[in-house]
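Peer 1: missing the sequence, but the structure's below:
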């Protein structure tokens, strides 16, 4: 594991030591969302066809029969937000971290709890080495707290939700947007307000090393998952003999994901305009798990490119972090898919290495 950390560290070492001064002088949040209107003329108005379709949609909703009380309640309870009246306050009680692949058989002698701590420490070091000790975790957590203060109120029906597209990954945005539209269809208002963040800690750091694989395909590659680390290598046995060559393949790409667990007080309400009353009204202090992820840097050197160009008094970390999951909403489906992929990966890796 120390081999992996050492192979990532040289990226940080390409930056002069004096460049670390930025972390002390930073004046803005290190967690930045790229504006939705970037490279777009803000003065542009929507096409007339779009306005017409929206007007037609609104007219159809107004003329439709009012939804039944049962339908309103069913949709409210289906909305993917955890609260103190739902069937559970966590979607995954004990996270099933991937066990070491057979090719790393020596790790099987180490208890899983110790493996987890080793891997977590290594992943945190990779992230810290390529930012700075000042940035991660302290400034990162500060920025993450500011980010959720901006984002959560937008997960509502009576606000302009367009900024969410620049704050979330496409998959998470699509999920919440479709769910909010389902509430609007039955004339219900969703409101999520973050009353206070009492604390925040880094729960996990996920690292993906190597070339980016197409979804559902590992043809021509070997993929290994262990705890919160994923490594993809090109499946060529002549390249597997040298540590330097393996390290070079791992540096074809990299992505970081950070799970932050907030201790938060949240005011959550779904109010039915048809019934004239709240279907759900909850004020709860609970753990709020938010996953932030970077773009996929390909090649890996791109993740520190902005640092080499920055002046010492500027903040050079420009990774455009996005929120990719909340309370394991998307992770539930991924885990089931991952378990099947892990079995296939073991068989595929064994076959590729024997060729």
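Peer 2: The structure has been received and is ready for your questions. Quick caveat, the model's predicted, so the values are computed rather than measured.

Peer 1: and the helix or strand hosting residue 271, which residues are buried?
Peer 2: Assessed by DSSP states H and E, residue 271 sits inside strand 254-272. The neighbour-count check on strand 254-272 (16 or more other Cβ atoms under 10 Å) flags 254-260, 262, 264-272 as buried. In this view, the C-beta of every residue, glycine as well, is placed from N, C-alpha and C.

Peer 1: same deal with stretch 88-98?
Peer 2: 97, 98.

Peer 1: where are the low-confidence patches of the stretch 1-150 of the chain?
Peer 2: Applying pLDDT under 70 to the stretch 1-150 of the chain flags residues 1-64.

Peer 1: circling back: name the helices or strands packed onto the helix or strand just after the strand holding residue 271?
Peer 2: Reading on from strand 254-272 to the C-terminus, the next helix or strand found by DSSP H and E is strand 277-293. Other elements packing on strand 277-293 under the criterion 3 or more Cβ pairs under 8 Å, 6 or more residues apart in numbering; DSSP states H and E are helix 69-78, helix 140-151, strand 188-209, strand 254-272, strand 322-326.

Peer 1: Does residue 210 touch residue 235 like I think?
Peer 2: No - contact status for residue 210 versus residue 235: not in contact, 11.3 Å apart, counting by Cβ atoms under 8 Å.

Peer 1: List the residues that contact residue 155.
Peer 2: Residues counted as contacts of residue 155 (Cβ atoms under 8 Å, 6 or more residues apart in numbering) are 81, 161, 164, 176, 180, 190, 192.

Peer 1: Give me the common contacts of residue 210 and residue 235.
Peer 2: Counting by Cβ under 8 Å, 6+ apart, the residues touching both residue 210 and residue 235 are residue 221.

Peer 1: picking up where we left off before, pipe the contacts of residue 155 into CSV and attach distance to residue 203 and secondary structure per row.
Peer 2: Formatted as CSV, those follow (distance: Cβ to Cβ, whole Å; DSSP: H, G, I helix; E, B strand; the rest coil):
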residue, distance to residue 203, secondary structure
81, 19, coil
161, 27, coil
164, 23, helix
176, 21, helix
180, 27, helix
190, 26, strand
192, 21, strand
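
Peer 1: still on that earlier bit, which one's more surrounded, residue 210 and residue 235?
Peer 2: Each of residue 210 and residue 235 has its neighbours counted (other Cβ atoms under 10 Å); residue 210 has more, 23 against 19.

Peer 1: quick one: the residue lying closest to residue 176 once chain neighbours are set aside from residue 98, how far?
Peer 2: Excluding the flanking residues, the one nearest residue 176 by Cβ to Cβ, 6 or more residues apart in numbering is residue 155, at 6.0 Å. As judged by Cβ to Cβ, to the nearest Å, residue 155 and residue 98 stand 30 Å apart.
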